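[1] Could you look at this predicted model? Sequence included:
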Amino acid sequence: MTIPKDSLHRQIHEALAAVPTPKPANAREALQELRTLYHYGGISDHDDIEKRLKVLVALFDYIEQPTADALRKQLSIVQEYKGSH
């Protein structure tokens, strides 16, 4: 997935230095869920950045709140960017 480097990518990094890393066990669980979603067609290689972020937020919400909150912030930035272009 690519995003505009000189605009959207820059805005994300200006607003958010990093996404907190989830605990390894929770990251493994999320990866397994992503594999299952992919296998059954719930997600695909063609999904846009908004859907990808929404899925990740849903997977980490309540088990890795700082990670989910940072991803939610990225989603907000993406939605603001798309709304202005």
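    Nice, thanks for sending it over.
[2] Only C-alpha atoms from now on, for both contacts and neighbour counts.
    Fine.
[3] Going by neighbour count, which residues in stretch 50-66 are buried?
    50, 52-53, 55-57, 59-61, 64, 66 (16 or more other Cα atoms under 10 Å).
[4] How far off centre is it?
    Here stretch 50-66 is found 7 Å from its chain centre; the criterion is Cα atoms, centre = their mean, to the nearest Å.
[5] for the lengthiest helix in the chain, packing partners?
    Longest helix in the chain, counting residues (DSSP state H): helix 65-84. On a contact count with 3 or more Cα pairs under 8 Å, 6 or more residues apart in numbering; DSSP states H and E, helix 65-84 meets helix 10-15, helix 49-60.
[6] Could you tell me the least trusted of the ones you listed?
    The stretch with the lowest mean pLDDT among these is helix 10-15, at a mean of 90.
[7] now for it, which elements pack on it?
    Using 3+ Cα pairs under 8 Å, 6+ apart: helix 10-15 touches helix 65-84.
[8] Pick out the residue nearest the middle of the chain.
    residue 53 (2.8 Å; Cα atoms, centre = their mean).
[9] Let's have the helices and strands packed on helix 65-84 in TSV, adding distance to residue 85.
    Below are the helices and strands packed on helix 65-84 laid out as TSV (distance: least, Cα to Cα, whole Å):
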stretch	distance to residue 85
helix 10-15	14
helix 49-60	15
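[10] returning to that earlier point: could you double-check that the residue nearest to the centre of the chain sits in contact with residue 75?
    Yes. Here residue 53 reaches residue 75: they are 6.1 Å apart, a contact under Cα atoms under 8 Å.
[11] any common contacting residues for the two?
    Counting by Cα atoms under 8 Å, 6 or more residues apart in numbering, residue 53 and residue 75 have no common neighbour.
[12] neighbouring contacts of stretch 34-49?
    Residues contacting stretch 34-49 (Cα under 8 Å, 6+ apart): 1, 78.
[13] end-to-end on it?
    By Cα to Cα, to the nearest Å, the extent of stretch 34-49 from end to end equals 15 Å.
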